[in-house]
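K.L.:
Need a 3D model of the following:
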Amino acid sequence: MFKQIRSLYIPILAQITLPYIILAILVAAGGTYIVTRVIFDSVQERFTNQLIETGLLADEAIVREEQELLEALRLVSHIQGVDGAVEGNDRQTLQQLILPVAYNSNLEAVVLLDQVGKKVLALALNETNQNYEPMQTTISFSKAAFVANVLQGQVDELGDKFGGFFLTEIGETFFVAGPIQTVDGRFVGVALVGRSASGLAQLLRQETLAQVTFYSLDGQPLSSTLSEGQTIEAERVQEALARQEEGSLLRSFQDSGIEYNELLAPLEVRAGEDIGLMGVALPTNFLVQTSQVTRTNTLLLMAVALILVVVVGMLVAGRITRPIQDLKEAAIKVAGGNLQIQVPRARHDEVGVLTQSFNSMVSSLSKSKKDLLDTYDRTIEGWSRAVDLRDHVTEGHSRRVADLSVALASAMGMKGVQLEHLRRGALLHDVGKIAIPDHILLKKGKLTAKETKQMQQHPIYAKEFMEQIDFLKPAMDIPHFHHEKWDGSGYPTGLKGKKIPLPARIFAVVDVWDALTSDRPYRKAMGVNETMEYIDSESNHHFDPEVVEAFKKLIGK
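P.N.:
Model prediction:
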């Protein structure tokens, strides 16, 4: 009988509520008296302080967005080949070079002008299909003052980049503009990257929970999260600009039947130039503030109630929180990376349901982690195929050397996650060649000394690329060191012997094996015996002797 009662589903709300019913009756009598004594006073000062804090958050967000646009501008203007494509008015090449940066930097608009301010390429993000499409507008970007500054070669105390609003097909857009220069410093054009004012306003709305409006210097709303734009009188605009060193301007208005207080402050770009105003608005609210007598009565009554709550609560909570404690400990283990844990379901109430949901969640996380790793690996394989195609090597080269490297490493004692990192590094061993110009990478004749030196930079480019991605850092040994040689005559660092990481020493043998035993456009594949003789002859010079011996055994099998 007792077992059957314990197995019944009893809502946790009922378990907690029942012991407190008598206590609630006692508290309600005194509470009724107190509520009748409560008075409502305006707390405008606290509201204003909250509004000021919200304005500061919005200012910080604008600065952060401007810094992100500056970083995107640097990437766009320094992409290899952009300067030549701008000079040659090569829109197709520019689009191929610019689109990856635009997607990665979440840009909404990218514009490239030549040295006289004529549009070469202008792309805007289509929010519907998330594709960049050419702007059809005929307006001249060079008419914008901040663009003219760049065209005229002006430099302020913060550099040669300027910002401002400009009306485009996607509405008012905040742009940051900077020069495009050749390697020798010759000015060839202007790059602009931007985000729409509406997008910025919505972003600030999400971060501050306030209504945000951008105004032009004549008081007209450029974009707003309010349902109706609120024009600012000219004298208020001048007042806000004039008192920016003393503090922001506060005004009140009504939107859709709701009363708002709005803080107006100048909207500045990096050199301190005012390009408009930013308004941050919150609904007017009031807070309950009790009198001194009410606070005294409340304190006495709550002290008595608190003692009763503590005594009864400790008895009830001890029983309820035991399974929750189990869930907490399990959650800590999950946070530490253990996705195999499951918590026994010992109760038939909400806590039991929560336990079951927790177990299901952990199982889903485990599956999601596996799916995510599979997705990463498929992406890496796609990159490796792209590198193979660009370098005109035999199709499947990266996949073959990755599989053979894993087999050799496994034979030499590597296990588990070490093999995963080695495989990813092998797939991406030549990823640094993405940064090598085509006229060097695809040159049919012998490279000059200067071209050879630049070609030998591709392991360094691979390191710089991969160390920006935490997931790929453990796989960096092969792309960075696979051209090092056992006798120290390799590149890029000239490491010698066992100072070269083992994955790179393993891959060096496999890479040469696959290259020699595969047909290439300029020669036929070598035979297995002939290739093995060559590898054996390079033992203790190019290759680690221990790796060569392990490889010979593996191939022999």
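K.L.:
any chance you could map the strands in the stretch 1-150 of the chain?
P.N.:
Counting by DSSP state E, counting those that start in this stretch, the stretch 1-150 of the chain has these strands, from start to end: 40-41, 109-114, 119-126, 131-134.
K.L.:
What pLDDT does the model give residue 29?
P.N.:
Per-residue confidence (pLDDT) for residue 29: 61.
K.L.:
Equivalent analysis for residue 544, please.
P.N.:
For residue 544, pLDDT reads 93.
K.L.:
Residue 370 is nearest to which of the strands of the stretch 1-150 of the chain?
P.N.:
strand 131-134 (31.2 Å; C-beta to C-beta). Placement of C-beta: from N, CA and C, glycine included.
K.L.:
That closest one pairs with which strands?
P.N.:
strand 119-126 (antiparallel) (DSSP bridges).
K.L.:
what comes up buried for the strand it pairs with?
P.N.:
Residues of strand 119-126 classed as buried under the neighbour-count rule (16 or more other C-beta atoms under 10 Å) are 119-125.
K.L.:
Ok, stretch 487-505 next?
P.N.:
Buried residues in stretch 487-505, counting neighbours by 16+ other C-beta under 10 Å, are found at 490-492, 495, 500-505.
K.L.:
Just the CA trace of that stretch, in CSV.
P.N.:
Provided in CSV are the C-alpha atoms of stretch 487-505 (Å, rounded to 0.1, in the frame of the first residue of the first chain):
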residue,chain,number,x,y,z
ASP,A,487,68.9,16.3,-41.6
GLY,A,488,67.7,19.9,-41.0
SER,A,489,67.8,21.0,-44.6
GLY,A,490,64.0,21.5,-44.9
TYR,A,491,61.8,24.6,-44.6
PRO,A,492,60.3,26.8,-43.2
THR,A,493,62.0,26.5,-39.9
GLY,A,494,64.9,24.1,-40.6
LEU,A,495,64.0,21.7,-37.7
LYS,A,496,66.2,18.7,-37.4
GLY,A,497,65.6,15.1,-36.2
LYS,A,498,63.0,14.4,-33.5
LYS,A,499,62.5,18.1,-33.1
ILE,A,500,60.2,17.7,-36.1
PRO,A,501,56.8,16.6,-34.8
LEU,A,502,56.1,12.9,-35.4
PRO,A,503,52.9,13.5,-37.4
ALA,A,504,55.0,15.6,-39.9
ARG,A,505,57.7,13.0,-40.1
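K.L.:
distance between it and the chain's centre?
P.N.:
Its chain's C-alpha centre and that of stretch 487-505 lie 34 Å apart, by C-alpha atoms, centre = their mean, to the nearest Å.
K.L.:
Pull the residues that contact it.
P.N.:
405, 409, 412, 414, 421-422, 425, 456-457, 459-460, 477-478, 480-484, 486, 540-544, 547 (C-beta atoms under 8 Å, 6 or more residues apart in numbering).
K.L.:
Let me have the buried residues of strand 119-126 in a markdown table, extended by pLDDT and distance to residue 385.
P.N.:
Listed next are the buried residues of strand 119-126 as a markdown table, based on pLDDT from 0 to 100; distance: C-beta to C-beta, whole Å:
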| residue | pLDDT | distance to residue 385 |
| --- | --- | --- |
| 119 | 91 | 36 |
| 120 | 91 | 32 |
| 121 | 92 | 28 |
| 122 | 92 | 32 |
| 123 | 92 | 27 |
| 124 | 92 | 31 |
| 125 | 91 | 28 |
